[in-house]
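Visitor: What follows is a predicted structure for the sequence shown.
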2 protein chains.
Amino acid sequence: MHRADTNRPRPPAARQATLREHNLALVARAVFEAGGPCSRADVASATGLTRATVSTLVEQLLGARIIAELPPLAPQRAGRPAVPLVPAARTVVGLGLEVNVDYLGCRVLDLAGAVVAEHVEPDDLHDCDPSVVLGRLGRLARALVAHVEEDGMTVAGATLALPGLVDVRSARLEVAPNLGWSRLDPLPLLGLDTGGDARTLAVTVANEAKLAALAQSARGPDSDDRPRADVPDTYLYVSGDVGIGSAIVVDRRIFHGRHGWAGEIGHVVVDPSGPRCRCGATGCLEQYAGKDALLRGAGLAPGDATSDLLAALEAGETAALTCLRRAGTALGSALADYVNLVDIDTVLLGGIYPPLLPYLRAPVEAELRSRVLAAPWAALHVDAAPVDHHAALTGGAREVLRGVVEHPTRWVEG
Amino acid sequence: MHRADTNRPRPPAARQATLREHNLALVARAVFEAGGPCSRADVASATGLTRATVSTLVEQLLGARIIAELPPLAPQRAGRPAVPLVPAARTVVGLGLEVNVDYLGCRVLDLAGAVVAEHVEPDDLHDCDPSVVLGRLGRLARALVAHVEEDGMTVAGATLALPGLVDVRSARLEVAPNLGWSRLDPLPLLGLDTGGDARTLAVTVANEAKLAALAQSARGPDSDDRPRADVPDTYLYVSGDVGIGSAIVVDRRIFHGRHGWAGEIGHVVVDPSGPRCRCGATGCLEQYAGKDALLRGAGLAPGDATSDLLAALEAGETAALTCLRRAGTALGSALADYVNLVDIDTVLLGGIYPPLLPYLRAPVEAELRSRVLAAPWAALHVDAAPVDHHAALTGGAREVLRGVVEHPTRWVEG
DNA sequence: CGGATAAGTTCAGCCATACGACTTAAATGA
DNA sequence: TCATTTAAGTCGTATGGCTGAACTTATCCG
């Protein structure tokens, strides 16, 4: 059994240019994480660099259009007034793409976190043809890219979100049950790198739930769905739908595991003597807390909407209430395993769960209290995910922009 | 709900000295990971630094006694013969300490990976007094430190391994059920930093299974228990005993989670209608595959040894065989959850499991095949952990030495 | 109006690495 | 035996990024 990582690559040698890259990224991060306009002097004291150095670096970031200067505010203290620095709006942008069972679309975000453009087409994409659908998405994306480029923006890259097992390193989709796709390389089918002009757009693929998870983190625009609670940098995100996906977010980055398949909570064992799952095993979480199981348990049809379920619950229907208690216990049991294994104390529930949370919370928390070994020593937080409206589009675009902020050198002097 | 990590610290500004530190560590790593003597020129081509720079850095590492030169080998090619560089033996050393239910001890490892000194005292430490036992361990450690320092070695630090929930950041032990300890700060009780001389020895604490996990990784001396198979850099380590601990190792580092409590596989749900666990919940893995459960299931007494169980199995006793099949299925079910959640494809079984592996393997693998969602696309490897003889002592010492290799600057020019 | 205060800029100095030339040390072969 | 070849390791200059102190700019305050 030989494996590739036995001689993992060493980091490259550091030279003067490496210093620059590091400090450029440091200054960029300081501006982005300041939570408001900040001066060069603020950045200097936040980073530990001298004001002289910060000035040089800021100059480069301005030139790269990664940050921007605002007109000086009315000064309130003695001393020369500061020039406010902010993330640049509508200059360098990221593109999020997604194909999911009920829609396909793309969204462009700028560095300030604002949605610059988007195009979402609801559709039923169960068992569709990958090349047709991805070709269609590619055309949408090209149109959107052309549009924002006409306005002088630069698209830094794109991330494609797919609801299935995506190998992040080979950019290969192994299987997406609900789309009926398997074993394909989605990127060539988008036709983005062979567009009209000769430029190539860097595109990556990732699992939809993982990208949605990234959209939850605190910093960024608060122009989104819900008022943004203070989301920590490390949390578990669980997205309920027909399947149940999840992601481990550590310091605002996805923990991918070996292939990018971490977080498959939908098939965690809840009860081995439980119902058979479509995966072949028995008693998987999905069979208790997946969308189909919830609807079936409440006496609704598989095609019904979450709102029907919610109506049944609000009407006090016993079948629905019982089913949700059962689902909550199952979800709590699986989350307890999750927390026991990875020791992360915040769980954000997304997908179909946020409106159902009032019915799920008690059994989930009861199960966590009794099953999480460390529960007596560290409080656990279970909350609704703040962003859910096509979160993977936002997450994908943000992932691109994170790359820009963390590696600004590529955009300097271009 | 306010949490501390919302404003996580930024990395420090990089300056010239940072470059040095980085490249010094790079050169050190190159020598340590070469797998044999290597020349300055080898290091240069491995790192991408010039030979001139490597010479300077090697000079410093030699001065810090982190690496050493060997007498030149009989040259086989034309050209000036290389001066072989190797990790230094018996210069800078790491100290591993451990208190466990059946022994306490300490072990000193040098940078070459050799055991320089050790002192292990078997004892029954169920429900012992922490201050007495830790005081005793501290005295052992001081004696060992004095001994190796007389031989001219420098102890770089120490790591204390404890079988319980250890908060790695506060160095606090929350609970260690089998020792009967709870809520205590173990480090002061060791009395190592207030020793006879005024020096302070940096000591950290960690969970025993996690440190044992670190002892498994491939590089390092092969003077240990078993012939070292090629262990990858990323794997799950599971240690069976009365309780079942585990660790997630990614790129040869422990994934600690929020507090250092990741890997509590012993209380993953196997069957909610199963037996009650001492943790209060029902159907935890420990109740199927923990040592007590195995002995009880095989009709043996709780105090019996693993060898008795093995004898019963080899004699073909039905109760023992059935019990191990059941344990294997339970372990496989829990491991399947683990792999589904963290996507790591190698599992090393340690503790009492290696000799039992022939009886566990089939049910474990069957369960993994049917329950791991990604099983069709990536082979899983379940193996016996190569190191098990007081592995946490080795892991703890290695952890200290990893710090030396990755941050050599502190040892240069001292 | 002038001193205090603070933001931002300029410039000499330092330091680590690169690059090319040089030295050292062995094998090779006429 | 001795020049040639090959490769390891060292030396000296050049480059580039950061620092620190002095300087300029711009505002407030008495």
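Guide: Perfect, I can see it now.

Visitor: List the residues that contact the residue of chain A most remote from its centre.
Guide: Relative to the centre of chain A, the most outlying C-alpha is that of A:Ala78, 43.6 Å out, by C-alpha atoms, centre = their mean. With contact set as C-beta atoms under 8 Å, 6 or more residues apart in numbering or on different chains, A:Ala78 has no partners. Any C-beta I mention is one placed from the backbone N, CA and C, and that applies to glycine too.

Visitor: for it, phi and psi?
Guide: Phi and psi for A:Ala78, reported as degrees, to the nearest 10, are phi -70, psi 160.

Visitor: per-residue pLDDT, it?
Guide: With respect to pLDDT, A:Ala78 scores 89.

Visitor: do the same with A:Asp230
Guide: 79.

Visitor: And it, how close does it get to DNA strand C?
Guide: 27 Å (C-beta to the nearest atom of the strand, to the nearest Å).

Visitor: Can you show me the helices along the stretch 51-200 of chain A?
Guide: For the stretch 51-200 of chain A, helices defined by DSSP state H, counting those that start in this stretch occupy the ranges A:51-63, A:130-150, A:186-190.

Visitor: now check the shortest one, is it near chain B?
Guide: No: using C-beta under 8 Å from any C-beta of the partner chain, no contact is recorded between helix A:186-190 and chain B, whose separation bottoms out at 15.6 Å.

Visitor: so of the helices of the stretch 51-200 of chain A, which one's packed in deepest?
Guide: helix A:186-190 (a mean of 21; mean count of other C-beta atoms under 10 Å in any protein chain shown).

Visitor: If we go by neighbour counts, what in the lengthiest helix in chain A is buried?
Guide: For chain A, the helix with the greatest residue count under DSSP state H is helix A:318-342. Neighbour-count burial for helix A:318-342 flags A:320, A:323-324, A:326-342 (criterion: 16 or more other C-beta atoms under 10 Å in any protein chain shown).

Visitor: Within reach of chain B, which of those residues are there?
Guide: Near chain B, by the rule C-beta under 8 Å from any C-beta, you find A:333-334, A:336-338, A:340-342 out of these.

Visitor: A:Ser182 reaches A:Leu173, doesn't it?
Guide: Yes: under the criterion of C-beta atoms under 8 Å, A:Ser182 makes contact with A:Leu173 at 7.5 Å.

Visitor: Counting neighbours around each, name which of the two comes out higher.
Guide: A:Leu173 (24 against 14; other C-beta atoms under 10 Å in any protein chain shown).

Visitor: Quick check: the gap between the more buried one and A:His259.
Guide: Applying C-beta to C-beta, to the nearest Å, the value for A:Leu173 to A:His259 is 12 Å.

Visitor: overlap in contacts of those two?
Guide: A:165, A:167.

Visitor: How about the contacts made by the residue lying closest to A:Ala378 once chain neighbours are set aside?
Guide: Once flanking residues are discounted, A:Ala378 sits nearest to A:Asp345: 5.5 Å by C-beta to C-beta, 6 or more residues apart in numbering or on different chains. Counting by C-beta under 8 Å, 6+ apart, A:Asp345 makes contact with A:339, A:378-381, B:258.

Visitor: do A:Arg29 as well
Guide: A:405-406, B:10.

Visitor: for whatever residue of the stretch 151-300 of chain A ends up closest to chain B, helix, strand, or coil?
Guide: Closest to chain B within the stretch 151-300 of chain A is A:Gly257: 2.6 Å, counting by C-beta to the nearest C-beta. Secondary structure state of A:Gly257, per DSSP: H, G, I helix; E, B strand; the rest coil, is coil.

Visitor: Verify the contact between it and B:Val342 for me.
Guide: Yes: using C-beta under 8 Å, A:Gly257 is in contact with B:Val342, at 5.4 Å.

Visitor: Can you list the low-confidence ranges for chain A?
Guide: Within chain A, the ranges that satisfy pLDDT under 70 run A:1-8, A:194-199, A:218-229, A:414.

Visitor: go again using 90 as the cut-off
Guide: A:1-11, A:35, A:72-79, A:178, A:192-201, A:217-231, A:302-303, A:387-389, A:413-414 (pLDDT under 90).

Visitor: follow-up on the earlier one: for the residue of the stretch 151-300 of chain A closest to chain B, give me phi and psi.
Guide: phi 80, psi -160.

Visitor: Check A:Ala28 too.
Guide: phi -60, psi -50.

Visitor: cool, the one 3 residues further on as well?
Guide: Dihedral angles of A:Val31 (phi, psi; degrees, to the nearest 10) stand at phi -70, psi -40.

Visitor: Tell me which residues touch it, please.
Guide: Applying C-beta under 8 Å, 6+ apart, the residues near A:Val31 are A:38, A:43, A:61, A:67, A:85-87.

Visitor: How about A:Val364, nearest residue that isn't a chain neighbour?
Guide: A:Gly332 (3.9 Å).

Visitor: The one you found and A:Arg371 touch, don't they?
Guide: Yes: using C-beta under 8 Å, A:Gly332 makes contact with A:Arg371 at a distance of 7.4 Å.

Visitor: Report the buried members of the contacts of A:Val31.
Guide: A:38, A:43, A:61, A:67, A:85-87.

Visitor: from those, which ones fall inside strands?
Guide: A:67, A:85-87 (DSSP state E).

Visitor: Including distance to DNA strand C, could those go into TSV?
Guide: Converted to TSV, these look like this (distance: C-beta to the nearest atom of the strand, whole Å):
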residue	distance to DNA strand C
A:Ile67	12
A:Leu85	8
A:Val86	12
A:Pro87	16
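
Visitor: Let's have the residues you listed in CSV, adding distance to A:Glu264.
Guide: Shown next, in CSV, are these (distance: C-beta to C-beta, whole Å):
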residue, distance to A:Glu264
A:Ile67, 39
A:Leu85, 42
A:Val86, 40
A:Pro87, 35
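
Visitor: Farthest pair within the ones next to chain B among the buried residues of helix A:318-342?
Guide: Of all pairs drawn from these, the one with the longest distance (C-beta to C-beta) is A:Ser333 and A:Val342, at 15.5 Å.

Visitor: For the stretch 301-414 of chain A, which residue gets nearest to chain B?
Guide: Closest point on the stretch 301-414 of chain A to chain B, by C-beta to the nearest C-beta, is A:Asp343, at 2.6 Å.

Visitor: That residue: neighbour count?
Guide: Using other C-beta under 10 Å: A:Asp343 sits among 24 other residues.

Visitor: Roughly how far does it sit from B:Val342?
Guide: 12 Å.

Visitor: I figured A:His267 hits A:Gly283, correct?
Guide: No: A:His267 is not in contact with A:Gly283 according to C-beta under 8 Å; the separation is 9.7 Å.

Visitor: Show me whatever sits in contact with both of the two.
Guide: A:Cys277.

Visitor: what about these two, which has more around it?
Guide: Legend: neighbour count by other C-beta under 10 Å for A:His267 and A:Gly283, higher for A:His267 (27 against 24).

Visitor: For that one, which residues are in contact?
Guide: Per C-beta under 8 Å, 6+ apart, neighbours of A:His267: A:277, A:279, A:281, A:284-286, B:336, B:340, B:371, B:373.
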